[in-house]
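# next input, structure requested:
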Amino acid sequence: MAKLMPLIFTVFSTQIVMADERPNILLILGDDMGFADIGPFGSEIETPTLDELASEGLKFTNFRATPVCSVSRSEILTGANNIQVGLAAFDYAVYPDAEGKPGYEGYLTDNAVTIAQLLQDAGYNTYTTGKWHLGHPTRNTGKGPQSWGFDRSYGIYVGGSNHWNQEVMLPDEKDPATAEAVEKGQIPKISQEEFHEDDRLVTRPDGVYSNDLYTSKMIEYLEGGRGSGKPFFAYMAFTTAHFPIQAPAELIDKYYEMYLELGYEGLREKRYDSLIKHGVISPSSKYHDGKEDNSDNLVVPWSSLSDEQQKYQAKIMATYAAMIDSQDQHIKKLFDYLDSIGELDNTLIIYLTDNGPEGTDFRGKLSNPLLSKWVEANFDQSLKAIGSADALWQIGTTWANSTTGVLTFWKAYVSEGGVRVPFMIKPPLGYEFAHLGQSTNAVTSIKDVPMTILDYAGVQADGPRYDAPNMVKPSGVSMRDFVEGKQNYVRNEDQWVAFELFGNTYVIKGNHKAVRIRTGMFGSGEWHLYDIVADPGETTPIEEQFPGKLEQLKKIYQGYADEMGIVPVAEDWNPWTVVGK
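Numbering: from 1, shown residues only. Just a heads-up that it's a prediction; the model follows:
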């Protein structure tokens, strides 16, 4: 039986229940992590806290975010389509013809309503720490968390930063000093990133690792609101495992020898086997080695590396693993704190990541010339330095390809490797729960997360905040009835999801996915149809068997594109060439 609720009252025409009975909400977001990067999804990386969460919650194995950070964040906080709230464009790489068009602003626009605003209206304390990436007053005309319903906030407004200090993660030509250096044909110096607390510029403490910094701040905020008698909404937005690849040395050492022995292909095969063992994919899922599509043109064999190169690559991957290991340890600190104050059992806990692993590189086809030169000039390239504040690395295409175990491509792509991410939910104690410790391949979307949160909080996604002209209402659906066993699906066959980024597109309807990747991003340029439950690696197109299904999904996408005003992208455009501009 569901937890009994006390007397209902109304605030701003929104129904809520008494504060002492409403659940807390903890939304945890990992950054740029592969589908198989945590233990419950088959990883060899040690994540005992997330393992325990999976055993006490429900694991979704057919869940999709979007392919990039800011776009996912727009949908997880609004439940709306990204293009409707200003995030049709990734702010680091905007297609020139789309600049200035409605929906392509690159920040959360004023026609949006966030769940933080709705929860704040309903009497929740609202906190966020870590990465915002939905607007930056000095980079664009976007706004920080305080304008979007958060009582307290701390962190960066951009996509990432050095994990040990206040340095930027890449040169930004919007910065006057950087632009001047580029104009003179010089390599820019390292500049300082802006950190904000409650929309005020602050100095970040030097030498404190990002996971520790953001978790400690969140606990500080939770402790500060403990005597208010209000429930909380805590949005814990880690910046691990986003590049730069940096982590505590003792954790790096734990993984180095393993990755040196496994190499690229060994890790991918190991994770493929483990995904099956953990019940994440079907035993009949075909192993994807990259030869069925163009992704194999972007990866290299481990055997092609010299001994010294293998050592470098093993340490880079070990550092990446250490970032995730550290994240898990800090999630435990958060859980332990909530347990110590008696609030853990009354907290809805959700864990997911924002997109697949970062597949760009400092060298090769997915590199940016300015970024590569900047790194070489300003950072320590030695093996010993990897993981420290003085070194700046990415995992690159081949490790990214390996981390997903079976999926195609990685971040920035609409293939499964870019959008299928781990997702777990644990309802508060006392609420109906039909799937304790189980996993499901029910089709779900990141837009469904905010609707589920509002459902558990007893807050309706309507009311006066949506009354103003042009305000965007959400299109996500709540997972709660599925979690409680009241229905056997989250999205039915008619509740399709369509998406576009960088001119690459997909539509999902039930178990079928129609997808197209431009040749400029190393795809075929053609539409293909896949059964993403039977074939999560998108290895075997089935459009010849089901031509009517493909045409149906293409028609759905075209209607969506027309309605949303999606700007077509030239077939040969390469977004990596404009990063930082």
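# for residue 528, give me its contacts.
514-516, 538, 541, 543, 550 (CB atoms under 8 Å, 6 or more residues apart in numbering). Quick note: C-beta positions are derived from backbone N, CA and C, even for glycine.
# no wait, residue 169
Residue 169 is in contact with 159-162, 193, 242-244, 392, counting by CB under 8 Å, 6+ apart.
# rerun at 6 Å
Contacts for residue 169 (CB atoms under 6 Å, 6 or more residues apart in numbering) come out as 160-161, 244.
# which of the contacts of residue 528 sit farthest apart?
Maximum pairwise distance in those, criterion CB to CB, is 13.8 Å, between 538 and 550.
# buried stuff in stretch 445-462?
For stretch 445-462, a neighbour-count test (16 or more other CB atoms under 10 Å) marks 445-459, 461 as buried.
# name the nearest of those residues relative to residue 497.
Compare each of those with residue 497 using CB to CB and the shortest gap goes to residue 445, at 5.0 Å.
# how close does the nearest residue to residue 315 once chain neighbours are set aside get to residue 80?
Nearest non-adjacent residue to residue 315, counting by CB to CB, 6 or more residues apart in numbering: residue 386, 4.6 Å away. The spacing between residue 386 and residue 80, counted by CB to CB, to the nearest Å, is 40 Å.
# likewise for residue 467?
Counting by CB to CB, the separation of residue 467 from residue 80 is 16 Å.
# likewise for residue 302?
In this structure, residue 302 and residue 80 are 43 Å apart, going by CB to CB.
# neighbour count winner among those two?
Residue environment comparison for residue 302 versus residue 80 gives the larger neighbour count to residue 80, 23 against 19, counting by other CB atoms under 10 Å.
# all helices of this structure, in order?
Ranges of helices in the chain, per DSSP state H, are 48-56, 69-78, 115-121, 176-183, 210-224, 249-277, 307-340, 369-378, 396-403, 416-419, 448-457, 480-483, 547-564.
# looking at the ones you listed, which one is packed in the most?
For the helices of the chain, average neighbour numbers computed from mean count of other CB atoms under 10 Å are highest in helix 416-419, which has a mean of 30.
# any idea how far it is from the chain center?
Centroid displacement of helix 416-419 relative to its chain, using CA atoms, centre = their mean, to the nearest Å, is 11 Å.
# list the contacts of the most centrally placed residue in the chain.
With the centre of the chain defined as its mean C-alpha position, the nearest residue by CA atoms, centre = their mean is residue 354, 0.6 Å away. Residues in contact with residue 354, defined by CB under 6 Å, 6+ apart, are 29, 31, 65, 69, 72.
# closest to residue 218 out of these?
Checking the contacts of residue 354 one by one against residue 218 (CB to CB), the nearest turns out to be residue 29, at 12.2 Å.
# which ones are touching the closest residue to the closest one other than its chain neighbours?
On the basis of CB to CB, 6+ apart, the spatially nearest residue to residue 29 that is not a chain neighbour turns out to be residue 237, at 4.8 Å. Under the criterion of CB under 6 Å, 6+ apart, the contact partners of residue 237 comprise 29, 130-131.
# where in the chain is pLDDT low?
When the per-residue scores of the chain are filtered using pLDDT under 70, the ranges that remain are 1-20, 289-296, 578-581.
# quick one, domains of it?
Domain assignment for the chain, taken from automatic domain parsing, gives 8-55+68-233+240-410+424-479, 496-581.
# a markdown table for those domains, including distance to residue 416?
Putting the domains of the chain into a markdown table (distance: least, CB to CB, whole Å) gives the following:
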| stretch | distance to residue 416 |
| --- | --- |
| domain 8-55+68-233+240-410+424-479 | 4 |
| domain 496-581 | 6 |
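# out of the ones you listed, the one nearest residue 489 is which?
When the domains of the chain are compared for distance to residue 489 using CB to CB, the nearest one is domain 8-55+68-233+240-410+424-479, at 5.9 Å.
# chain center to that closest one: distance?
Going by CA atoms, centre = their mean, the spacing between the C-alpha centre of domain 8-55+68-233+240-410+424-479 and its chain's C-alpha centre is 4 Å.
# hmm, who's touching stretch 375-385?
For stretch 375-385, the surrounding residues in contact (CB under 6 Å, 6+ apart) are 187, 190, 311-312, 362, 390-392.
# do the same with stretch 333-347
23-24, 26, 215, 219, 428-429.
# start and end of it, how far apart?
15 Å (CA to CA, to the nearest Å).
# gap between residue 382 and residue 277?
If you measure residue 382 against residue 277 using CB to CB, the figure is 38 Å.
# can I get the helices of the chain in JSON lines including distance to residue 348?
Shown next, in JSON lines, are the helices of the chain (distance: least, CB to CB, whole Å):
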{"stretch": "helix 48-56", "distance to residue 348": "12"}
{"stretch": "helix 69-78", "distance to residue 348": "14"}
{"stretch": "helix 115-121", "distance to residue 348": "12"}
{"stretch": "helix 176-183", "distance to residue 348": "42"}
{"stretch": "helix 210-224", "distance to residue 348": "15"}
{"stretch": "helix 249-277", "distance to residue 348": "27"}
{"stretch": "helix 307-340", "distance to residue 348": "12"}
{"stretch": "helix 369-378", "distance to residue 348": "39"}
{"stretch": "helix 396-403", "distance to residue 348": "28"}
{"stretch": "helix 416-419", "distance to residue 348": "24"}
{"stretch": "helix 448-457", "distance to residue 348": "5"}
{"stretch": "helix 480-483", "distance to residue 348": "10"}
{"stretch": "helix 547-564", "distance to residue 348": "31"}
